[in-house]
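**Q** Okay, here's the prediction I keep looking at, along with the sequence it came from:
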Amino acid sequence: MIETSASAAASGPGSPLPDRAVIPPVWSRITNIVVDHGEGSWLVTPEGERYLDYSSGIGVTNTGHAHPRVVAAIQAQAAKLLHGQQNIVYHEPGLRLYERLSRLLPGDDWGAFLSNSGAEAVEAAVKLARIATGRPVIIGFRYGYHGRTGQTMALTTAKDVYRGHFEPLPGSVYHTPYPYCYRAPGGPHAPEACTCDWEAQLDLTFHQYVYPEHVAAIIIEPVLGEGGYIVPPPTFLPRLREITRRHGVLLIADEVQTGFGRTGRLFAVEHWGVEPDILTVAKGIASGLPLSGIIARRSLLDKFPPGTHGGTYGGNVVSCAAANATLDVIEQEGLVDNARARGTQFLAGLRTIAAKYRTIGDVRGLGLMLALEFVKPDVGDGRTPNSEVTKRVQAEALARHLIVLTAGTYVNVVRIIPPLVTTAAEVDQALSILDQSLAAAGA
Ligand SMILES: Cc1ncc(COP(=O)(O)O)c(C=O)c1O
């Protein structure tokens with residue numbers, strides 16, 4: 001129904017807000033906060049209450065909320081052009097961003113493709129891998145998360161809720177175990193002394209499910225995100241790169257969550273000196289405006305024939321202006337270094353606190369991607385997932401105005417994703433709140 005002028009007036013500024021039930025339950029809810037504005041690491045309610053936002057809107061606001069330079073770039077661009085469709089015209093913010101993205105990885109053989117969401121970037125990566133290799137199969141990892149569209153659901157195994165109701169899913173997708181050192185069958189061990197049998201399992205996948213010469217690509221999150229913020233052992237990605245090269249299989253690094261400084265490097269693959277063939281980006285790229293894409297070898301992109309992929313809004317001009325300003329801020333304000341320094345501070349603080357709480361089974365992280373995994377220490381081998389305590393810790397933190405998220409297949413991981421602009425004082429404040437929250441939650 002089209003609004004009449006009377007109902008339009010009733011819903012205008014100053015009128016009471018509509019009931020929250022207008023938002024359907026499919027948007028599972030983490031807080032009931034109504035937010036008015038954001039600044040840096042903080043969200044502020046209409047009443048002026050301040051929340052330390054260590055969710056960063058699920059890893060998006062790497063430059064903090066409403067960074068003045070990003071806002072100014074968006075405002076200036078919005079006043080000139082809101083939509084310059086990529087098939088129809090060229091625009092300066094887009095041309096500059098394509099060029100900049102192609103220079104972020106070592107060497108000069110890179111190009112980019114721009115879309116809107118992380119899932120769309122993964123869709124593009126999969127289509128490109130298939131068309132460029134002429135091979136059908138994609139291999140993903142258990143605990144992986146790549147999105148909620150058809151193809152990306154098929155790749156995702158982080159949790160049943162993401163895919164369980166939607167069979168049949170697209171085929172020619174297989175999953176192989178990720179080296180999750182804390183949950184290794186033989187017992188938890190340090191990633192530096194990894195004994196996980198992921199390589200033997202991948203070999204079995206090649207012998208039981210699919211010939212390696214039929215595999216177009218293996219897709220990997222360099223640090224697992226939704227699956228539980230799991231940092232791989234140092235040997236994993238370099239070895240996986242060797243194996244993929246040996247079989248002519250492309251390596252897709254899904255850096256939607258790990259990208260743009262989150263882990264203390266611009267891209268997480270840099271920690272291990274690994275060069276993928278295709279790298280997906282989204283979230284932190286544009287400080288909150290919808291933008292995503294892939295960075296891929298030019299030799300592959302040249303095999304993507306005109307019209308085989310695209311979309312109305314991909315590479316939106318205002319989002320591109322936001323992304324260019326975001327990249328300026330990341331580079332000029334030293335945010336990657338800050339992520340590394342604050343991450344080191346935070347992880348050390350978490351380790352100190354964790355020693356006091358029996359239900360914390362593992363503390364881990366890389367840069368500002370940090371996690372506490374909760375267990376039932378007196379049940380089984382002491383690693384039974386403890387989602388009850390996890391949810392209580394999250395709720396107690398929220399009651400103390402700290403926003404953190406959960407992760408993990410059994411929702412037994414508290415994950416902490418501060419913006420990369422966060423200060424040492426804010427990290428100390430968050431650690432103190434977490435300590436109080438753990439005590440209050442009976443951890
Ligand atoms: C690694 C990874 N890939 C893909 C996605 C999907 O991104 P989007 O929610 O923007 O579709 C996410 C989202 O959390 C992600 O973490």
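**A** Yep, that arrived. Numbering: from 1, shown residues only.
**Q** how about the residues of the stretch 51-200 of the chain near the ligand?
**A** I58, S117, G118, A119, V122, Y145, H146, G147 (Cβ under 6 Å from any ligand atom). For the C-beta atoms, the positions are set from N, CA and C on the backbone; glycine is no exception.
**Q** Pull the most distant pair out of the residues you listed.
**A** Farthest pair in those (Cβ to Cβ) is I58 and V122. Separation: 15.6 Å.
**Q** Tell me, how many residues neighbour A341?
**A** Applying other Cβ atoms under 10 Å, we find 16 residues neighbouring A341.
**Q** To clarify, my last question referred to D381.
**A** For D381, using other Cβ under 10 Å, the count is 8.
**Q** What about the nearest residue in space to it that is not next to it in sequence? Give its phi and psi, please.
**A** Nearest residue to D381, sequence neighbours excluded (Cβ to Cβ, 6 or more residues apart in numbering): G187, at 7.6 Å. Per-residue torsions, G187: phi 120, psi 160 (degrees, to the nearest 10).
**Q** List the contacts of the one residue in the stretch 101-250 of the chain that gets nearest to the ligand.
**A** Closest approach between the stretch 101-250 of the chain and the ligand, counting by Cβ to the nearest ligand atom: G118, at 2.1 Å. For G118, the contact set (Cβ atoms under 8 Å, 6 or more residues apart in numbering) comprises H146, G147, V256, Q257, T280, A282, K283, S292.
**Q** Swap in 7 Å and give it another go.
**A** Contacts for G118 (Cβ atoms under 7 Å, 6 or more residues apart in numbering) come out as G147, V256, T280, A282, K283, S292.
**Q** how near is P16 to the ligand?
**A** Going from P16 to the ligand by Cβ to the nearest ligand atom, to the nearest Å gives 31 Å.
**Q** And the pLDDT for that residue?
**A** Note on P16: pLDDT of 89.
**Q** For it, what are phi and psi?
**A** For P16, the backbone dihedrals (degrees, to the nearest 10) come out as phi -60, psi 150.
**Q** And for it, the neighbour number?
**A** P16 has 7 nearby residues by other Cβ under 10 Å.
**Q** For the helix or strand harbouring R96, give the mean pLDDT please.
**A** When elements are assigned from DSSP states H and E, R96 belongs to helix 92-101. Mean pLDDT, helix 92-101: 98.
**Q** which helices and strands sit right next to that helix?
**A** Packing partners of helix 92-101 (3 or more Cβ pairs under 7 Å, 6 or more residues apart in numbering; DSSP states H and E): helix 317-332.
**Q** Distance from the chain centre to the helix it packs on, please.
**A** 18 Å (Cα atoms, centre = their mean, to the nearest Å).
**Q** same question, stretch 52-67
**A** 12 Å.
**Q** Now the terminal residues of that stretch, how far apart.
**A** 16 Å (Cα to Cα, to the nearest Å).
**Q** which residues touch that stretch?
**A** Contacts of stretch 52-67 (Cβ under 7 Å, 6+ apart): 37-43, 70, 257, 260-262, 283-284, 287-288, 326, 329-330, 335, 401-405, 416-421, 426, 429-430.
**Q** and if you look at stretch 206-221?
**A** 129-130, 133, 135-141, 144, 146, 155, 174, 240, 244, 247, 249-254, 257-258.
**Q** picking that back up, tell me the buried residues within the contacts of G118.
**A** Neighbour-count burial (16 or more other Cβ atoms under 10 Å) is assigned, among these, to G147, V256, T280, A282, K283, S292.
**Q** quick one: which of the residues you listed sit in strands?
**A** Judged by DSSP state E, the buried ones among the contacts of G118 include T280, S292 as members of strands.
**Q** and the two most separated of the buried ones among the contacts of G118?
**A** Taking Cβ to Cβ, no two of the buried ones among the contacts of G118 sit farther apart than G147 and K283, at 11.7 Å.
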